[in-house]
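Participant: sequence first, then the predicted structure:
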Amino acid sequence: MKIKNVKDIEGFFKVVDTCSGKVELVTDEGDRLNLKSKLSQYVSLAKVFSDDMIPEMELVVYDPDDAIKFVNFMAGGAVK
């Protein structure tokens, strides 16, 4: 799933933290980084946060219920 124009980075990570399944960031090189790992969050996304916004990223979300959480987040819904 492609996600674009994430302005609420803290909210994005709250969604990641609520996910029950794996959530991976796909790099430009095709590598998959586990976003459930705090170390991966800081290391892999540090470059993306240069403008306090994530312009675009590709995620692999393994649990369909978790994918719905991201869709709701991007639509402006509250993080549960």
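Facilitator: Now that the structure is in, tell me what you want to look at. Numbering: from 1, shown residues only.

Participant: which other helices and strands does the worst-scoring helix or strand of the chain on mean pLDDT contact?
Facilitator: Every helix and strand in the chain was compared by mean pLDDT, DSSP states H and E; the lowest is helix 38-45, with a mean of 78. Contact analysis of helix 38-45 by 3 or more C-beta pairs under 8 Å, 6 or more residues apart in numbering; DSSP states H and E lists strand 23-26, strand 32-34 as its packing neighbours. All C-beta atoms are positioned from the backbone trio N, CA, C, and that covers glycine.

Participant: tell me which of these is the most buried.
Facilitator: Highest mean neighbour count of these: strand 23-26, a mean of 19 (counted as mean count of other C-beta atoms under 10 Å).

Participant: now that one: how far from the chain's centre is it?
Facilitator: On the basis of C-alpha atoms, centre = their mean, to the nearest Å, strand 23-26 sits 7 Å off its chain's mean C-alpha point.
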